[in-house]
Structures are given as structure tokens and as C-alpha cells.
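In: Requesting a structural model of the entry that follows:
(2 chains)
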Protein chains: 2
Amino acid sequence: MRPPGPTIRTIPDGDDRERLVCGDCGFVVYENPKVIVGAICTWDDRYLLVKRAIEPRLGFWTMPVGYMELGETTEQGAAREVWEEARSRVEIDGLLSIYSIPEISQVHMIYRARMLTPDHAAGAESLDVALLRWDEIPWDHLAYPNVRWSLEYEREMKGQTGFAPRGRPER
Amino acid sequence: MRPPGPTIRTIPDGDDRERLVCGDCGFVVYENPKVIVGAICTWDDRYLLVKRAIEPRLGFWTMPVGYMELGETTEQGAAREVWEEARSRVEIDGLLSIYSIPEISQVHMIYRARMLTPDHAAGAESLDVALLRWDEIPWDHLAYPNVRWSLEYEREMKGQTGFAPRGRPER
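Out: Predicted coordinates:
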């Protein structure tokens, strides 16, 4: 017996790609890449990082980052993630990086942001949150390569505006 | 009687937002914003535009643009759309614009691209395709405001690299 829900891979009428379709009701799931938004947030010369309370990479450090939700701009999504994960209010002021990860169909957009106050606290998805000087950043315990890349590009572009966002470094 | 498929709006266990759930099988639809990718393509001083063969805005002109698909980068998606709609091979070389449209949960990413040859032809979703000089562009018959914005920014940034992508103009 077929399990319930959209489990059949087929090309719907008028389409040119395989989609998941429900054999019972005909519902078609149009899957497209997801946008992940986040921000490298600073207060003076300190960087706001959170320690992940959820898998994957539980216990490792990252900038606040997460799935963009319906009804928001990329900048609003980045500021929302900062609030949810680090309880800090920020002003977004430039796009640091765009990383497409086609293997998992994600587009990561990481902004530069200025904290409006030094206030911060761990949100529900964070074990800890810290406002760290550059040499205090736990470089060996970062969750993903793009945490380091985004931090480094933020530092490189300090004081500059009108710069182009970076992609993944060439391998 | 309830119609089949995911029709119930509810907050699933462990989530904090309403999602569409199927009352029969429990399938949860995680809807996130969609990415739209496209490119302003040039050959010498001419711009590649297509006349839309599908609604919305059937019969109006646009740069090649469409939904990003699974398993591709944003640049690959933009080049694919150019091929599908205008049958032209291009090299992507800079991000001109990022337009979030929260009202319809879309993020538009429009690149600058160089045509590798002057070849072009109407794809299945295009009524017509044209390689036009600036003063030949059908300004009064463009499909969307961001066609004009992206064309104008491409022209403004001609010969420049390392520029920041633009958002929607302030209203």
C-alpha cells in the first residue's frame, strides 16, 4: 500500500520537471530553493555570536541566521533572526555575502548590521550568546565555513559602503 | 465535507507559525519565499528583451526571468532562464538588483550578463525576442517596474565592477 501524502514523483500536465504529487488528492508540491538570512552584527569592535541549541551543529557558534519567512523582506528576515536568536535590535546596512548551496538548494544572504544597543540574550534556539572581540571569537568552534567568511569580509569592508556581496570562495 | 489535500491552517507541534496541513495524512506544507532570477543581457550596446507569452503581463516586454529551481546556484538559474526564454548563452558577471516583494513573498535577483554570441530566439514562454539599442527599448510596454530599474542600473554601472546590488527605489 502507498503511504499517504505527496509521495509520487511525476511531471504534472503543462510542467517540465518532476514534482511530488499526492496520489489521493492530486496536490502538487512545488519545491524551490529556500532563502536563509542572517547578519554579522557589531557593537563597536565586538561581534554578536550565538551558540546553537538545535541540530545540526548543536553547540557550535554562528551569526544569527535562519529561514526567511513569508511576508518579509530579506533585511526584515535577517533582523528578525537576530532578535529571535540573540535578542538584539539591529539596523541592517549592507549585504556581505550570497552563498548558493545547490547541493541542498539553499541561498544564504548574510547582511552587515549595527546593534542599536549592546543588549543581547540567548533566544530559544541558542544555548548562549556573546559579544566578542575579534581575538575572542571561537574560530575552532564555528558552525559553518560561511560564519568565518562573513566575519572576515565584514572586517575587510569595515567603514566602506557600496561594496559587492561575496559568494563562496573558489575551491 | 472537507476538500482533499493540505487545506487546514494550523500551528504544527514544535513550530511557531501557521502552516497548511493535510487533514487526511498530516503532510505539512512549509511555504517560504520564492527566489526569482534573471539577467540584463547585452551584446555590444544592445539589450536582450523577451515578449511574454504567458500571463501575467502577456504581451509585455521583460529581461529573461523566472523561478529559481532546485539544485542550481542563483547565477546558474539566471543563465538557465536566459537560455529557456531567449535561447542565448551568457556569462553572468555581477548582481544588479535584489528586490524583496513581501506582499507576494518573492525575492528577485537580477544579474548583469554578457552574451557569448549575438544568437537569440524566442523560447516556449516568449512570443518574441529582440536585441535592442537603448532608444529602441519599448519603455511603455515593459512588464514590471523592475525591468526599467534593472536596465537603468545596468547602464549606470557600465564598465564598473564591485558595485552593490540595488533594492527597490524608495517610494
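In: measure stretch A:121-134 end to end?
Out: With C-alpha to C-alpha, to the nearest Å as the measure, the first residue of stretch A:121-134 is 19 Å from its last.
In: Now do that stretch: distance to the chain's middle.
Out: Distance, stretch centre to chain centre, for stretch A:121-134: 15 Å (C-alpha atoms, centre = their mean, to the nearest Å).
In: now swap in stretch A:139-152 and tell me
Out: 13 Å.
In: so where's chain A uncertain?
Out: Applying pLDDT under 70 to chain A flags the ranges A:1-3, A:171.
In: Packing partners of the longest strand seen in it?
Out: For chain A, the strand with the greatest residue count under DSSP state E is strand A:90-101. In this structure, strand A:90-101 packs against strand A:34-43, helix A:74-86, strand A:106-115, helix A:145-156, helix B:74-86, with contacts taken as 3 or more C-beta pairs under 8 Å, 6 or more residues apart in numbering or on different chains; DSSP states H and E. All C-beta spots, glycine's among them, are computed from the backbone N, C-alpha and C.
In: near chain A at all, the last one?
Out: Just to be clear, that refers to helix B:74-86. Yes: judged by C-beta under 8 Å from any C-beta of the partner chain, helix B:74-86 comes into contact with chain A at B:74, B:75, B:76.
In: Residue A:9: neighbour count?
Out: Residues lying near residue A:9 (other C-beta atoms under 10 Å in any protein chain shown) number 9.
In: actually residue A:60, sorry about that
Out: Residues lying near residue A:60 (other C-beta under 10 Å) number 17.
In: Distance check, it against chain B.
Out: 21 Å (C-beta to the nearest C-beta, to the nearest Å).
In: number of nearby residues for the residue nearest to that residue when sequence neighbours are not counted?
Out: Nearest residue to residue A:60 in three dimensions, chain neighbours excluded: residue A:143, at 3.8 Å (C-beta to C-beta, 6 or more residues apart in numbering or on different chains). Neighbours of residue A:143 under the rule other C-beta under 10 Å: 20.
In: and if you look at residue A:133?
Out: For residue A:133, the count of nearby residues is 10 (other C-beta under 10 Å).
In: Also residue A:44?
Out: For residue A:44, using other C-beta under 10 Å, the count is 8.
In: Residue A:22 now?
Out: By other C-beta under 10 Å, neighbour count at residue A:22 equals 22.
In: which phi and psi does it have?
Out: phi -80, psi 130 (degrees, to the nearest 10).
In: Next one: it from chain B, what distance?
Out: Computed as C-beta to the nearest C-beta, the residue A:22 to chain B distance reads 6 Å.
In: Could you give the backbone dihedrals for the closest residue to that residue other than its chain neighbours?
Out: Spatial nearest neighbour of residue A:22, excluding adjacent residues (C-beta to C-beta, 6+ apart): residue A:6 at 4.2 Å. The phi and psi torsions at residue A:6 (degrees, to the nearest 10) take the values phi -80, psi 100.
In: Is residue A:61 in contact with residue A:143, as I believe?
Out: Yes: here residue A:61 reaches residue A:143: they are 6.2 Å apart, a contact under C-beta atoms under 8 Å.
In: Which residue ranges make up the domains of chain A?
Out: A:1-31, A:34-157 (automatic domain parsing).
In: Would you point to the one among these that's packed deepest?
Out: domain A:34-157 (a mean of 18; mean count of other C-beta atoms under 10 Å in any protein chain shown).
In: Endpoint to endpoint, stretch A:82-91 covers what distance?
Out: This stretch, stretch A:82-91, spans 10 Å end to end (C-alpha to C-alpha).
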